[in-house]
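Undergrad: Task: produce atomic coordinates for the following.
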Amino acid sequence: MAKALSHPVFARVYPRIAAFADAHGSIEHRQEMLAGVRGRVVEIGAGTGSNFRHYQPEVTQVMAVEPEPRLRALAEKAATEAPVPVEVVAGLAEELPLEDDGFDVAVCSLVLCTIADVPGALAEARRVLKPGGELRFYEHVRSERPGFRRVQQVLAPLWRLPGGGCHLTRDTERAIQEAGFTVKDIRRFYFLINGRANPASPSIIGTARPST
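TA: Prediction:
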């Protein structure tokens, strides 16, 4: 399996999309996802490193895995300005270049929508977590509203083309549960920008632990 994925158009556009979302509320969502995180963290699909500045001093190390080389370069720059130690490495979510049972927390932030093999990626997250570790997630998902979901389904094929393979209709909570995690808490909401919804507005933030 390749250790990198190239999405040159998406990689050029995504930093602006992420900055726009952060300016309209995504920063608060990231902070909510990371509240109380401590110890050693693996961030799966780190993108441009937007989460790095939100880690608190209780975090001893972040290993950030990102397969897209242009995004990874931006993450490496963000790592130099992070308040905690961050190491950015190349790798796929489905094949993390990390040891078993090595991390207290795994973070998936706006990434499970694009990963080709979600069960494989979540199995890898479980593999690298210590016993009793946590999965923290912030993702846009399939709407629970039938009308809104039909719009997502219609737009999904076109959305994936410029979105680096982004899927609008994934049931991420169910995928997490089917991967052997128990969801401990979850908040479902619509991320509205200037009071308006878009096809990726349905969102979840939560915490899960490997089932025993």
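
Undergrad: element containing Trp159?
TA: Taking DSSP states H and E as the definition, one finds Trp159 inside helix 146-160.

Undergrad: who touches that helix?
TA: Surrounding helix 146-160, the residues in contact under the criterion C-beta atoms under 8 Å, 6 or more residues apart in numbering are Arg142, Ser143, Cys166, His167, Leu168, Thr169, Ala197, Pro199, Ala200, Pro202. For the C-beta atoms, the positions are set from N, CA and C on the backbone; glycine is no exception.

Undergrad: again, but for stretch 202-212
TA: In contact with stretch 202-212 (C-beta under 8 Å, 6+ apart) are residues 29, 32-33, 126, 129, 131-145, 148, 172-173, 176-177, 180-191.

Undergrad: Would you mind listing which of these are buried?
TA: By neighbour count, with 16 or more other C-beta atoms under 10 Å, those hold 29, 33, 126, 129, 133-143, 148, 172-173, 176, 180-181, 183, 191 as buried.

Undergrad: quick one: Leu196 and Gln31, what's the gap?
TA: Not quite, residue 196 is Arg, not Leu. Taking C-beta to C-beta, to the nearest Å as the measure, Arg196 falls 23 Å from Gln31.

Undergrad: Please apply the same query to Leu129.
TA: For Leu129 relative to Gln31 (C-beta to C-beta), the value is 22 Å.

Undergrad: before we move on, back to that, can you tell me which of the contacts of helix 146-160 is nearest Val111?
TA: The closest of the contacts of helix 146-160 to Val111 turns out to be Cys166 (C-beta to C-beta; 9.7 Å).

Undergrad: pretty sure that closest one contacts Cys113?
TA: Yes: counting by C-beta atoms under 8 Å, Cys166 does reach Cys113; the two are 4.9 Å apart.
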